[in-house]
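>>> I would like the atomic coordinates for the input below:
(one chain, ligands or ions: 1)
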Amino acid sequence: MLNLDFYKNIKEELADGPTQLVAVSKTKPAAAIQALYEQGQRIFGENKVQELVDKAALLPQDIQWHLIGHLQRNKVKYIAPFVSLIHAVDSLRLLKEINKEAKKNNRIISCLLQFHIAQEDSKFGLDLAEAKALLQSEDYAQMQHIKIVGLMGMASFTDNQEQVLAEFGQLANYFQELKAAFFAQNDDFKELSMGMSGDYQLALQEGSTLVRIGSALFGHR
Ligand SMILES: *Cc1c(COP(=O)(O)O)cnc(C)c1O
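Numbering: from 1, shown residues only. Sure, this is the predicted structure:
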C-alpha cells in the first residue's frame, strides 16, 4: 500500500538539496506506480529487466526508469532503447555490451559503477583496484555511447549504525578519489547512489545523491 505521508515527508526533506528519490517499485503493480506518478514522482527503479520492460510499456513516457539490480549482458538489449540510468555496472564486459547496444539505439546511456562495500559476501560489485583498472583500460577509452556518472553501493544489512555509516563513508571516499583521478574536468560524474528504506538517513549524512527507496513508500514486498 502506498504510503503518501512518507512520500510527502521525504520530498520535503530532500527539497532543497542535491539528492533525488528513486522510487523502487519492484514487485508492485503498475497502478501503484501510476498513483505515485500522479503525486509528481518521475524516477522509478526496478531490479529485473523483464519487469522493467513490461511496466515501461504500460506507464507514462516521461518516467525515468532506473535499473538498480544486477544486469546480465544478454538482457542489455531490452532496456537500451529507453533506460535512463543503470546503477549496477560491475565489469568492463558489461559496460562494453551497454556501449554496443546504446550505439545501436543512437544513445548515450548513463551508468554507475557498483562497489562492494558491505561485509556480507556478494558476487557483485567492484573494489577500488578493479574500478581503476576499468577506467584506465583502452576499451573504456574507446567507448562513446556510455557515460559513467557516479558510484552505487549497498551497505551491510545490520542494526549497527556505525558500521553502515562507515561503509557509506567508504563509498564516498572512493567517489572522491575516482573523481580526482579520472573525472576532475567532468561535471557529469556527480552521483552517489546509496541508501534504502532502512538506512537512507545514514546515506544522506554521507552525501548520497540518489536514495533508492522501496518498502517505505510502497509497503512490504
Ligand atoms: C529492493 C532494492 C532497494 C529498495 O529496498 P527497500 O529496502 O525496499 O527500500 C534498493 N536498492 C536495490 C538495489 C534494491 O534491490
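
>>> and the closest residue to residue 36 other than its chain neighbours, what does it touch?
Once flanking residues are discounted, residue 36 sits nearest to residue 23: 5.7 Å by Cβ to Cβ, 6 or more residues apart in numbering. All C-beta spots, glycine's among them, are computed from the backbone N, C-alpha and C. Neighbouring residues of residue 23 by Cβ atoms under 8 Å, 6 or more residues apart in numbering: 33, 36, 41, 43-45, 213-214, 217-218.

>>> ramachandran angles for residue 132?
phi -60, psi -40 (degrees, to the nearest 10).

>>> do the one 4 residues further on as well
For residue 136, the backbone dihedrals (degrees, to the nearest 10) come out as phi -90, psi -10.

>>> distance check, the closest residue to residue 131 other than its chain neighbours against the ligand.
Closest residue to residue 131 apart from its sequence neighbours, by Cβ to Cβ, 6+ apart: residue 113 at 5.5 Å. Using Cβ to the nearest ligand atom, to the nearest Å, we find residue 113 at a distance of 14 Å from the ligand.

>>> so where's the longest helix in this structure?
The single longest helix within the chain, with elements called by DSSP state H, is helix 161-182.

>>> isn't residue 140 up against residue 131?
No. If you go by Cβ atoms under 8 Å, residue 140 and residue 131 don't touch, sitting 10.6 Å apart.

>>> so the two - more neighbours on which side?
Neighbours per residue, other Cβ atoms under 10 Å: of residue 140 and residue 131, the larger number sits with residue 131, 21 against 17.

>>> so where do the strands sit in the protein?
For the chain, strands defined by DSSP state E occupy the ranges 20-24, 43-46, 64-67, 85-89, 109-115, 146-153, 191-193, 210-213.

>>> CA atoms only: put the fifth one into PDB for me.
What follows is strand 109-115 as a C-alpha-only set of coordinates in PDB (Å, rounded to 0.1, in the frame of the first residue of the first chain):
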ATOM      1  CA  ILE A 109      23.500   5.600 -21.600                       C
ATOM      2  CA  SER A 110      24.400   6.800 -18.100                       C
ATOM      3  CA  CYS A 111      25.800   4.200 -15.800                       C
ATOM      4  CA  LEU A 112      27.000   3.900 -12.200                       C
ATOM      5  CA  LEU A 113      29.900   1.700 -11.100                       C
ATOM      6  CA  GLN A 114      28.700  -0.700  -8.400                       C
ATOM      7  CA  PHE A 115      31.100  -1.100  -5.500                       C
END
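
>>> all good on my end, thank you.
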